[in-house]
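> Any chance you could fold what I've pasted below:
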Amino acid sequence: MNKFAVKTTVMLVAATIGLGAATSWAAESLQDVMKRRGLSQQDLLAASKTYVPTGKRDEFLAFSSGGQSGQVIVYGIPSMRILKYIGVFTPEPWQGYGFDENSKAVLRQGNIDGKEINWGDTHHPAISETQGKYDGQFLFINDKANPRLAVIDLRDFETKQIVVNPIYKSEHGGAFVTPNTEYVIEAAQYAAPLENKKFYPLEEFNEKYRGGVTYWKFDRKEGRIDPKESFSLELPPYSQDLSDAGKGPSEGWSFTNSFCSERYVGGIEKGRPPYEAGCSAKDTDYLHVINWKKAAELVAQGKAKKINGHNVLMMETAIKEGILFLIPEPKSPHGVDVTPDGKFLTVAGKLDTHVSVYSFEKIQAAIKANKFESKDPYGIPVIGMKDALHTQVQLGLGPLHTQYDSKSCIAYTSLYVDSQVVKWDHCQGKVLDKISVHYNIGHLVTMEGDSADPKGRYLVALNKLSIDRFNPVGPLHPQNHQLIDISNDKMQLLYDMPLPLGEPHYVVAI
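Prediction:
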């Protein structure tokens, strides 16, 4: 055999071996992959439900608070692919946010007392609404570390405005929009003197310290908040927290819960109980029920007081005009959530195993009949809990937040202590299903689940811990956003998504 023939034969053999290897690789079946990777049919079903083929797009976009990054995280659902970080309260080098003159000017809007603050703790995003339904035009988000609110234009996903609350020193409860985004609601968290640069000792807490709720007027045409047309309502020092706006029959009203209605200020150095114990002495806190539409009219009539150049409707006026009421609620609630039809309000107290469902119709009936069980120390009428309740449902340990399904009467609530999500019927008051999550869930979100038109399909559990779920990366574990299929009677866990930021707090999805 000549050299050419030998060389040709070697090449043919090599090609045949290569072809065989390629054929072997191409012939690997689904069963082979399952065996090689130790996958079950349930794993494959979950994978197929989250897989978005190359070049295709997700059904929904999620806007997540970035927690102590001070940004907003945008990711797709069901793929759970991170698509963008939106610079909000913190410079973001990749996009040049905080480095060019325009974005520097936006960040300077968030200066407090002349001090430049280029960090934040983003907490509660809200998408703009029309008739109670998401319209996808604007996103609002608050800074828990400092009393600030940002406006993001979703035409270009850029922050356009930051406003500083002129009377609060801190806040947790923002942002929540009214049904046509007339106002963005922001509640104070820790009570403080409303006037700037005035000091009062804690011995004068009950008299000099105040909470409140601010209604930021949003100019849709300009795409900006108008501070001059905005106003606040003075409230007792009860640590106001999260809010929600009524819709449908409850439109024109807003609801804000509270914790530490004991007005406790600590003092372990003096032999008093720790702050947490002192704030848990009573069985209930107060749900604030506010007629914001009438409040806006009163401000327009000149009945507000100017504090730090800002319109504040004082408690005395609110009580006299009949726009402010209180209802006892389970201890230390973490949210008040209005049902899609606007008929009920769901409140979960983390120190109570029950979720309480309040009837707006019953609340209005009590108000019209002047049926109050008492007045609080500041003279605000208190509606009896039994006179306002529709039902109470025992869900489990540490209930926190509630979202709604596209199916009528179906709600989902996070259980922080049990590390579970519970599916339940808020009309009939019965538990339907539970699923374990990993671990210690705080907020949760269903698709458009806090609007008048929830889409169902998926739920994301925002878990504070992941522990053994991912590869070890040091003592600080990533947060864990878990995707759950809620389209059937039984919930199915689909996907674990690590987020290496602390602590993404709340998400909205459209």
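
> my read is residue 117 is in a strand, agree?
No: according to DSSP: H, G, I helix; E, B strand; the rest coil, residue 117 belongs to no strand; its state is coil.

> burial measure for it, as a count.
Residue 117 is flanked by 20 other residues according to other Cβ atoms under 10 Å. From N, CA and C alone the C-beta is placed, and that goes for glycine too.

> go on, the one 4 residues further on?
Applying the criterion other Cβ under 10 Å, we find 20 residues in the vicinity of residue 121.

> There's contact between it and residue 67 in this structure, I believe.
Yes: between residue 121 and residue 67 there is a contact at 6.4 Å, judged by Cβ atoms under 8 Å.

> Next, the buried residues of whichever strand in the chain runs longest.
Ordering each strand of the chain by length in residues (DSSP state E) puts strand 133-143 first. By neighbour count on 16 or more other Cβ atoms under 10 Å, the buried set for strand 133-143 is 133, 134, 135, 138, 139, 140, 141, 142, 143.

> The second one and residue 509 touch, don't they?
Read it as residue 134. No: the criterion here is Cβ under 8 Å, and residue 134 misses it with residue 509 at 9.1 Å.

> Which neighbours do the two have in common?
Jointly contacting residue 134 and residue 509 under the rule Cβ atoms under 8 Å, 6 or more residues apart in numbering are residue 448.

> Now residue 331: closest residue in space, sequence neighbours ignored.
Once flanking residues are discounted, residue 331 sits nearest to residue 351: 4.2 Å by Cβ to Cβ, 6 or more residues apart in numbering.

> so who does the one you found touch?
280, 330, 331, 332.

> returning to what we had before: can you list the buried residues of strand 133-143 in TSV and add distance to residue 177 and pLDDT?
Putting the buried residues of strand 133-143 into TSV (distance: Cβ to Cβ, whole Å; pLDDT from 0 to 100) gives the following:
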residue	distance to residue 177	pLDDT
133	11	98
134	10	98
135	10	98
138	9	98
139	10	98
140	7	98
141	12	98
142	12	97
143	17	97
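
> shouldn't residue 312 be in contact with residue 210?
No: applying Cβ under 8 Å, one finds residue 312 not in contact with residue 210, separated by 9.3 Å.

> what residues do these two have in common as contacts?
Common neighbours of residue 312 and residue 210 (Cβ under 8 Å, 6+ apart) are 194, 234.

> Looking at the two, which one has more neighbours?
residue 210 (25 against 22).

> Next one: the more buried one from residue 88, what distance?
According to Cβ to Cβ, to the nearest Å, residue 210 stands 28 Å off from residue 88.

> do the same with residue 55
30 Å.

> does residue 401 really touch residue 337, like I thought?
Yes: Residue 401 is within contact range of residue 337, at 7.2 Å (criterion: Cβ under 8 Å).

> Looking at these two, which has the bigger crowd around it?
Using other Cβ under 10 Å as the criterion, residue 401 and residue 337 rank with residue 401 on top: 25 against 22.

> so the more buried one is in which element?
Element membership for residue 401 (DSSP states H and E) is strand 399-404.

> pLDDT on that strand, on average?
Strand 399-404 shows a mean pLDDT of 97.

> tell me which residues of that strand are tucked away?
Here strand 399-404 shows 399, 400, 401, 402, 403, 404 as buried, counting by 16+ other Cβ under 10 Å.

> Repeat that for stretch 142-153.
So stretch 142-153, judged by 16+ other Cβ under 10 Å, has buried residues 142, 143, 144, 145, 146, 147, 148, 149, 150, 151, 152.

> Dump it to CSV, keeping only the CA atoms.
Extracted as CSV, the C-alpha positions of stretch 142-153 are listed here (Å, rounded to 0.1, in the frame of the first residue of the first chain):
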residue,chain,number,x,y,z
ASN,A,142,-39.4,54.2,48.3
ASP,A,143,-36.2,54.4,50.3
LYS,A,144,-36.7,52.9,53.7
ALA,A,145,-33.4,54.2,55.0
ASN,A,146,-34.4,57.8,54.3
PRO,A,147,-37.9,59.2,53.8
ARG,A,148,-37.7,59.4,49.9
LEU,A,149,-39.7,58.3,46.9
ALA,A,150,-38.6,57.8,43.3
VAL,A,151,-40.4,58.0,40.0
ILE,A,152,-39.2,55.7,37.2
ASP,A,153,-40.4,56.2,33.6
